[in-house]
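Trainee: 3D, please:
(one chain, ligands or ions: 4)
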Amino acid sequence: MAPRPAAASPLLLPALLGLYVLAIALALEVSVGKTNTVLALNGSDVLLPCTFTTCIGFQDLIFTWYFNSTEMIYHGKIKSKTSEPFLVSRNPRVEFVGSTTGKDNNISIVLKDVELSDAGKYTCHVKNPKEKNAQHNATIILTVVHKMEETDNTLTLIIVGVVGGFFGLLILFMLVKRVILFIIKKVQDGKKECLVSSSGNDNTENGLAGSKAEQKAPPKA
Ligand SMILES: *[C@@H]1O[C@H](CO)[C@@H](O)[C@H](O)[C@H]1NC(C)=O
Ligand SMILES: *[C@@H]1O[C@H](CO)[C@@H](O)[C@H](O)[C@H]1NC(C)=O
Ligand SMILES: *[C@@H]1O[C@H](CO)[C@@H](O)[C@H](O)[C@H]1NC(C)=O
Ligand SMILES: *[C@@H]1O[C@H](CO)[C@@H](O)[C@H](O)[C@H]1NC(C)=O
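Mentor: Ligands and ions are numbered 1, 2, ... in the order given. As a prediction, this is how the structure comes out:
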């Protein structure tokens with residue numbers, strides 16, 4: 001009798017694993033998207049995204065948004081896939097913006113007029129009675145900043161600095177090049193001047209043709 005369970009267990013384990021994977025695949029899933037952090041500017045409205053999937057469908061599904069795990073900020077119910085959710089209760093600054101009749105079961109909310117004290121964890125929780133009250137949740141972290149411009153400004157300043165520095169160097173390089181070319185030209189002109197002056201000397205020598213003439217004169221004479 002002892003060898004029997006030992007022989008069965010190699011088959012039992014993959015079977016259980018298969019069932020477990022199947023159960024996970026069918027289970028209720030809640031997602032806040034790829035990134036679980038949101039940055040918002042003080043005073044702005046911020047979208048807190050959330051969607052859920054369920055393979056066997058849902059009925060009288062309950063979804064709840066919590067702030068910092070405890071404070072309920074939105075509570076809604078959805079009768080079925082063919083209806084939009086109805087509001088049970090909410091924080092006055094929270095507005096439902098999702099839709100559950102489309103492809104995604106979108107239960108996103110918008111938090112209006114964000115304050116610095118709104119920073120923290122936002123948990124989207126879903127409970128499906130049709131799935132033996134299966135529950136699942138996902139959390140998004142909100143960061144509130146005073147001013148976006150500050151970072152923008154530093155970035156702009158960096159860009160201006162880099163670009164300005166680049167053009168400054170370019171201008172400097174061009175100036176140096178001009179100066180060098182000018183000097184080279186000057187030197188060459190100087191040489192030319194020397195040549196000119198030497199030819200001028202020739203001319204003067206020509207001008208002093210009289211002397212040449214004088215020089216030539218003797219043979220003429
Ligand atoms: C945040 O915005 C509110 C108004 O939208 C303003 O009264 C408050 O001073 C701002 N706080 C900071 C720290 O910028
Ligand atoms: C979210 O789910 C985890 C388990 O996955 C549970 O421990 C936690 O209490 C849930 N949070 C809320 C706010 O329901
Ligand atoms: C959910 O709905 C909101 C508002 O219409 C939209 O901005 C957001 O992109 C939607 N999210 C998904 C995952 O479809
Ligand atoms: C919410 O939680 C964050 C950290 O998770 C904390 O910094 C913040 O003070 C909390 N806010 C409130 C109002 O409890």
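
Trainee: quick one, what contacts Gly161?
Mentor: Residues near Gly161 by CB atoms under 8 Å, 6 or more residues apart in numbering: none. Quick note: C-beta positions are derived from backbone N, CA and C, even for glycine.

Trainee: can you tell me the SS state at it?
Mentor: Secondary structure for Gly161, judged by DSSP: H, G, I helix; E, B strand; the rest coil, is helix.

Trainee: quickly note the distance from it to Val145.
Mentor: 23 Å (CB to CB, to the nearest Å).

Trainee: ditto for Asn36
Mentor: Counting by CB to CB, the gap from Asn36 to Val145 is 18 Å.

Trainee: in this structure, what residue spans correspond to helices?
Mentor: Ranges of helices within the chain are 3-26, 148-207, 209-220, based on DSSP state H.

Trainee: how close does Leu170 sit to Val163?
Mentor: 10 Å.

Trainee: what's the answer for Lys103, then?
Mentor: 45 Å.

Trainee: mind checking which of these two has more residues around it?
Mentor: Counted by other CB atoms under 10 Å, Lys103 and Val163 do not tie: Val163 has more neighbours, with 10 against 7.

Trainee: and the more buried one, what does it touch?
Mentor: No contacts exist for Val163 under CB under 8 Å, 6+ apart.

Trainee: so Arg93 sits against Val110, correct?
Mentor: No - Arg93 lies out of contact with Val110 (CB atoms under 8 Å); the separation is 9.1 Å.

Trainee: stretch 113-125 close to ligand 2?
Mentor: Yes - applying CB under 6 Å from any ligand atom, one finds stretch 113-125 in contact with ligand 2 at 123, 125.

Trainee: kind regards, and thank you for your time.
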